[in-house]
Every structure is written in C-alpha cells, then in structure tokens.
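sequence plus the predicted model coming up.
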Amino acid sequence: MVLLLQFLVVFTPFSAQAALSELSKELLNDGFIWVNDEGLPSALCMVSAKNGTSVAQTCTMTEGFDPRSVGCMAVWSGAKLLQRGCYSGQEISLRHQCKRGECVADEKKKEGIVSFCCCHGQLCNAHYS
C-alpha cells in the first residue's frame, strides 16, 4: 500500500495542486495574474479570432516541465497583426522575454520582418510595439 501511495504522489498528472513558480508568485502579488478555481495561474489576454478580430480571453497555464507561468503575446510584421494570444511556458523564458504591463519587442525590426513580444498584465497585448 505504501508503494502504491508513493507511486501516486510521484506520478500524479498535472493538476490544480501544481505548485506556483516563483515568477507566478511575483506576478500574483503584483496583480498581473490570478489563480483560477482549479488553482492554476491565469491571465486575461487579447486572442486572435478566426474572423480576423481579437477578443479578450482567460488564458491558463498549460502543462509542461519545469516551473511555469502564463502571459500574453503578439506577433506582427510591419503594421499587420499576425497573431495575439496566450503564452504559457517555462519560467526562465517568461521571466527574460516578457515585459510587465506592456508588449514591446526587444529589438525594433525593419518593415517586412516578423516581430514578437510577450507580456504580463490584464490585456497587456492589446497594444504592441
């Protein structure tokens, strides 16, 4: 019986009981994300719809390896928006790539080049540069 319990503890699938990463704790304390009813970090992001518009949608942290969190992202080329949506990934990439409160690409790209930004904060990807 003890071995079965140890197996269940070690091999429990991703669930609401997943511990918050350090980044998620920081973002939660600063009001950039919240924890949903299942206990998972969530953010409100603009998400591209199939008809070419964008809608506000709750994004929840996805399953994966290592400490994780959730944010918003945008991809564009010149003045044309290509995609907006959720960005859930490893804490190390979110911490170093995503800005707090605004969606700004690290490098200003030339016309015709695809740019990417990610951010933390309610609807932070509504505007991007």
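On my side now, so go ahead. Bear in mind that the values here come from a model prediction, so they are computed numbers and not experimental data.

my guess is C98 contacts G121, does it?
No: contact criterion C-beta atoms under 8 Å: C98 and G121 do not qualify, at 9.6 Å. No exception for glycine: its C-beta is placed from N, CA and C like everyone else's.

just the helices in the chain please.
2-10, 22-29, 91-97 (DSSP state H).

what is the last one packed up against?
Meaning helix 91-97. In terms of contacts (3 or more C-beta pairs under 8 Å, 6 or more residues apart in numbering; DSSP states H and E), helix 91-97 is packed against helix 22-29, strand 68-77, strand 114-120.

which residues touch the last one?
Right, strand 114-120. 27, 32-33, 43, 71-77, 82, 87, 94, 97-107, 109, 125, 128-129 (C-beta atoms under 8 Å, 6 or more residues apart in numbering).

endpoint to endpoint, stretch 49-67 covers what distance?
Criterion C-alpha to C-alpha, to the nearest Å; first-to-last residue distance in stretch 49-67 is 29 Å.

quick check: mean pLDDT of it?
Mean pLDDT, stretch 49-67: 89.

where are the low-confidence patches of this protein?
In the predicted model of the chain, residues 1-18, 107-111 satisfy pLDDT under 70.

please redo it, this time with the cut-off set to 90
In the predicted model of the chain, residues 1-20, 39, 50, 52, 61-68, 77-80, 89-97, 104-113, 129 satisfy pLDDT under 90.

dump the residue contacts of H127.
Residues near H127 by C-beta under 8 Å, 6+ apart: E102, C103.

and if we set it to 10 Å?
Neighbouring residues of H127 by C-beta atoms under 10 Å, 6 or more residues apart in numbering: M46, A74, E102, C103, V104, C119.

how much space between the first one and Q83?
Counting by C-beta to C-beta, to the nearest Å, the gap between M46 and Q83 amounts to 10 Å.

hmm, back to that, pull up the overlap in contacts between C98 and G121.
Common contact partners of C98 and G121 (C-beta under 10 Å, 6+ apart): L27, F32, G71, C72.

and which of those is nearest G39?
L27 (15.1 Å; C-beta to C-beta).

can you get me a residue count around the nearest residue to the closest one once chain neighbours are set aside?
In this structure, L27 finds its nearest non-sequential neighbour in I33, 4.5 Å apart by C-beta to C-beta, 6 or more residues apart in numbering. Using other C-beta atoms under 10 Å, I33 has 28 other residues around it.
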